[in-house]
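**Student:** sequence plus predicted model, see below.
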Amino acid sequence: MGLRERKKLATRRALREAAVRLTLERGLENVTVEAISAEADVSPRTFFNYFATKEDALLDNVAVSLDEDARAAFVAGGPTGVFTEDLSALLMATLLVSDDLEAQRADMALRKRLTEQEPHLLSGLLRRFYDVERGVAVAIAERAGAPEDDPRSHLAAAAAMSAMRHSMKMAPDRPGGGIDELRAYLGESFRMLGEVFTADD
């Protein structure tokens, strides 16, 4: 990543963090774009170069679509050729904003505080989750050569997203890392799902 890209990323992060901090302190209705911009030491015009609304800034680190490189690799049958491992790689590339599981969980806890304080944010959050889940379903269908509305692909995507959420809560972590542990637990979650679906009545 070049200097220009790093600066843009830093500005975006500063705006998001300022929006979160001020919203938790004052409530979103009492926070203006001007206040967020001043807190991040940029102009309101710069704010609108990155975000259309305050809500967009607050939810910025929630994925709205699949990671393009990971999606392309998955649809092509990679990166390993093993479906569950490749699906894990796609989910982790799309949904993780940090290589530190402890930091990722802290981010999830902060998001929970925001939606509890500002319940109207929940609809935007759920929409993003839905869009990602649908994207996973379409990618699975493409990989299998099935139509986009293939019900098995959508069921697999819903199960995979649930497995990811479960793994985020349950996987052991360690300071400064934990991603390998998360990857292993996600694989175990997929294995357990397979046992559930194939178990005798």
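**Tutor:** On my side now, so go ahead.
**Student:** which elements pack onto the helix or strand hosting E5?
**Tutor:** Assigned by DSSP states H and E, E5 falls within helix 3-26. Using 3 or more C-beta pairs under 8 Å, 6 or more residues apart in numbering; DSSP states H and E, the elements in contact with helix 3-26 are helix 33-39, helix 44-50, helix 54-58, helix 101-117. (C-beta placed from N, C-alpha, C; glycine too.)
**Student:** just the CA trace of that helix, in CSV.
**Tutor:** This file holds the C-alpha atoms of helix 3-26, laid out as CSV (Å, rounded to 0.1, in the frame of the first residue of the first chain):
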residue,chain,number,x,y,z
LEU,A,3,1.6,6.5,1.1
ARG,A,4,-1.5,8.0,-0.5
GLU,A,5,-3.6,4.9,0.3
ARG,A,6,-2.3,4.7,3.8
LYS,A,7,-3.2,8.3,4.4
LYS,A,8,-6.7,7.8,3.1
LEU,A,9,-7.1,4.7,5.2
ALA,A,10,-5.9,6.6,8.3
THR,A,11,-8.4,9.4,7.6
ARG,A,12,-11.2,7.0,7.1
ARG,A,13,-10.4,5.3,10.4
ALA,A,14,-10.1,8.6,12.2
LEU,A,15,-13.5,9.7,11.0
ARG,A,16,-15.1,6.4,12.0
GLU,A,17,-13.5,6.4,15.5
ALA,A,18,-14.5,10.0,16.0
ALA,A,19,-18.1,9.2,15.0
VAL,A,20,-18.2,6.2,17.4
ARG,A,21,-16.7,8.1,20.3
LEU,A,22,-18.9,11.2,20.0
THR,A,23,-22.1,9.1,19.4
LEU,A,24,-21.4,7.0,22.6
GLU,A,25,-20.8,10.2,24.5
ARG,A,26,-23.6,12.4,23.3
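**Student:** in JSON lines: the helices and strands packed on helix 3-26, plus distance to L193, mean pLDDT and mean neighbour count.
**Tutor:** Formatted as JSON lines, the helices and strands packed on helix 3-26 follow (distance: least, C-beta to C-beta, whole Å; pLDDT from 0 to 100; neighbours: other C-beta atoms under 10 Å):
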{"stretch": "helix 33-39", "distance to L193": "41", "mean pLDDT": "97", "mean neighbour count": "17"}
{"stretch": "helix 44-50", "distance to L193": "38", "mean pLDDT": "97", "mean neighbour count": "15"}
{"stretch": "helix 54-58", "distance to L193": "32", "mean pLDDT": "95", "mean neighbour count": "20"}
{"stretch": "helix 101-117", "distance to L193": "21", "mean pLDDT": "87", "mean neighbour count": "15"}
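**Student:** what's the closest of these to A73?
**Tutor:** Closest to A73 of the helices and strands packed on helix 3-26 is helix 101-117 (C-beta to C-beta; 21.9 Å).
**Student:** give me the contacts around the helix or strand just after the closest one.
**Tutor:** Next along the chain after helix 101-117, taking DSSP H and E as the criterion, comes helix 121-144. Here helix 121-144 makes contact (C-beta atoms under 8 Å, 6 or more residues apart in numbering) with 28, 55, 58-59, 62-66, 71, 74-77, 83, 87, 90-91, 94-95, 111, 114-115, 146-150, 153-154, 156-158, 160-161.
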